[in-house]
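*Asks:* Below is the structure, and that's it, no one-letter string:
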Ligand SMILES: Cc1cc2nc3c(=O)[nH]c(=O)nc-3n(C[C@H](O)[C@H](O)[C@H](O)COP(=O)(O)OP(=O)(O)OC[C@H]3O[C@@H](n4cnc5c(N)ncnc54)[C@H](O)[C@@H]3O)c2cc1C
């Protein structure tokens, strides 16, 4: 978002305690990663079940914007690509029926139905077919973060490596706007503030009279080494989705598998087992795979409100967070939403 806004010429101050930490996925120390570091970067924009409403529009907009984002960011990370396609396997007649309906109505979005005989090379023994989405797929979230960090360095962006502890309204006599108290003792004054601190956002919003509770939903993922079975992934899509889990080829003989959806912050070993064996439908090669990496992260799920939270709370105070399971997918559309509301807010301020 900071990158997008700075590219439109807005002077940006980016405040985040993780700004000076290197972009990597450290696992095994018991800490949860931020949503973006933990994410698998799966972009499921066109296979969304609904065909109308805000969720559908945001997904469609993001999918339309991603190619130009990737193209611009490749200057920083030439290997950043949007890998396609995405294949969802059906696990029964009901799912297959739903997929057939989507394929029939969304062929213009790149959806088509594959029969089971066409999928034997990917998932031998599959009893039903699957839905192929030509334009959905995956972006590597760590590479994306690295590209954004590098791109920010060339733009009018001031980085502050601190956590915001308080946000308060500045009196008109003090120039209006907002005062931000940070955990390093600094106090910043800004005309406009965009809150996007995931699970830490409610604590900043509550004292301002904008309760927006969110609950953590844990996700675990694995990087596996295949010891028998497919290794070159030639016949594989960029993302294979089976029983709600994603399988992502990650170089020769490696695959990413995730992610669990576990309410709360404590990781349960059982969902991880379930994921590894895909509820008993995993092929032999997946059962035998060796775990190389195991990590977890927290998703921010708004309570009693649909994700994401995109709101203009007050003049100069925007909220853009709570993306729950689709924050990477919705990044470009979120940035565009903020840009539009920021510009409205600036034109109102210049008139008053
Ligand atoms: C295991 C897992 C797999 C996922 N897979 C996918 C996927 O395949 N596709 C997809 O689209 N989404 C996926 N998601 C969801 C996605 O990762 C999130 O929706 C998205 O990354 C949220 O981004 P964010 O920037 O809002 O939050 P985060 O990435 O959590 O970042 C929040 C930032 O706010 C900063 N911050 C916190 N408190 C403060 C404060 N007080 N002051 C200043 N800064 C603060 C933090 O340092 C952090 O940098 C997954 C999530 C998990 C956990």
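*Replies:* Looks like it arrived, so ask away. All of these numbers come straight from a predicted model, not from anything done at the bench. Numbers count the residues shown, from 1 in each chain.
*Asks:* If I look at the closest residue in space to residue 192 that isn't next to it in sequence, what pLDDT would I see?
*Replies:* In space, residue 192 comes closest to residue 316 once its chain neighbours are excluded; the distance is 4.4 Å by C-beta to C-beta, 6 or more residues apart in numbering. For glycine as for every other residue, the C-beta is placed from the backbone atoms N, C-alpha and C. Note for residue 316: predicted pLDDT of 94.
*Asks:* State the number of residues packed around residue 78.
*Replies:* The burial count assigned to residue 78 is 9, neighbours taken as other C-beta atoms under 10 Å.
*Asks:* Tell me the secondary structure at it.
*Replies:* coil (DSSP: H, G, I helix; E, B strand; the rest coil).
*Asks:* For residue 149, see how far away it is.
*Replies:* 15 Å (C-beta to C-beta, to the nearest Å).
*Asks:* Please apply the same query to residue 286.
*Replies:* Taken as C-beta to C-beta, the span from residue 286 to residue 149 is 34 Å.
*Asks:* tally of neighbours for the residue nearest to residue 192?
*Replies:* Neighbours around residue 316, by other C-beta under 10 Å: 21.
*Asks:* who's more crowded, residue 286 and residue 149?
*Replies:* Between residue 286 and residue 149, counting by other C-beta under 10 Å, residue 286 is the more crowded of the two (20 against 16).
*Asks:* Can you list the buried residues in the helix or strand containing the more buried one?
*Replies:* Following DSSP states H and E, one finds residue 286 within helix 284-287. Buried residues in helix 284-287, counted by 16 or more other C-beta atoms under 10 Å: 285, 286.
*Asks:* just checking, next helix/strand downstream of it?
*Replies:* Counting by DSSP H and E, what follows helix 284-287 is strand 290-302.
*Asks:* Around the ligand, pick out the residues from the chain.
*Replies:* Residues of the chain lying near the ligand by C-beta under 6 Å from any ligand atom: 15-18, 34-36, 38-42, 163-164, 196-198, 200, 219, 221, 258-259, 297-299, 321, 323, 325-329.
*Asks:* do that again at 5 Å, thanks
*Replies:* 16, 18, 34-36, 38-40, 42, 163-164, 197-198, 200, 219, 259, 297, 299, 323, 326-329 (C-beta under 5 Å from any ligand atom).
*Asks:* Show the buried residues in these.
*Replies:* Buried, going by 16+ other C-beta under 10 Å: 16, 34-36, 38-40, 42, 164, 197-198, 200, 219, 259, 297, 299, 323, 326-329, out of those.
*Asks:* Which positions in stretch 200-211 come out as buried?
*Replies:* 200, 201, 202, 204, 205, 208, 210.
*Asks:* now those residues as CSV including pLDDT and distance to residue 57?
*Replies:* Below are the buried residues of stretch 200-211 laid out as CSV (pLDDT from 0 to 100; distance: C-beta to C-beta, whole Å):
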residue, pLDDT, distance to residue 57
200, 98, 28
201, 98, 23
202, 98, 26
204, 98, 28
205, 98, 25
208, 98, 28
210, 98, 24
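*Asks:* now, which of the residues you listed sits nearest residue 71?
*Replies:* residue 201 (31.0 Å; C-beta to C-beta).
*Asks:* how close does that closest one get to residue 270?
*Replies:* According to C-beta to C-beta, residue 201 and residue 270 sit 30 Å apart.
*Asks:* Show me what the helix or strand encompassing residue 104 is packed against.
*Replies:* Per DSSP H and E: residue 104 is located in helix 93-105. Contacts defined by 3 or more C-beta pairs under 8 Å, 6 or more residues apart in numbering; DSSP states H and E place helix 93-105 against strand 111-114, strand 130-133.
*Asks:* Skip ahead from the last one and say which helix or strand is next.
*Replies:* It refers to strand 130-133. Next along from strand 130-133, by DSSP H and E: strand 137-138.
*Asks:* looking just at contacts, which helices and strands does that next one meet?
*Replies:* With contacts taken as 3+ C-beta pairs under 8 Å, 6+ apart, strand 137-138 sits against strand 42-43.
*Asks:* What is the subsequent helix or strand relative to the strand it packs on?
*Replies:* Next element after strand 42-43 (DSSP H and E): helix 54-73.
*Asks:* buried ones in that next one?
*Replies:* 55, 58, 59, 60, 61, 62, 63, 65, 66, 69, 70, 73.
*Asks:* same question, stretch 150-165
*Replies:* Buried-residue list, stretch 150-165, by 16+ other C-beta under 10 Å: 151, 152, 157, 159, 160, 162, 164.
*Asks:* Let me know the closest of these to the ligand.
*Replies:* Ranked by distance to the ligand (C-beta to the nearest ligand atom), the buried residues of stretch 150-165 are led by residue 164 at 3.8 Å.
*Asks:* give me the residue from the stretch 151-300 of the chain nearest the ligand.
*Replies:* residue 219 (2.7 Å).
*Asks:* Can you name the residue of the protein nearest the ligand?
*Replies:* residue 327 (2.1 Å).
*Asks:* wait, what's in contact with the closest residue in space to that residue that isn't next to it in sequence?
*Replies:* In this structure, residue 327 finds its nearest non-sequential neighbour in residue 35, 5.6 Å apart by C-beta to C-beta, 6+ apart. Contacts for residue 35 (C-beta atoms under 8 Å, 6 or more residues apart in numbering) come out as 198, 297, 298, 299, 300, 323, 327.
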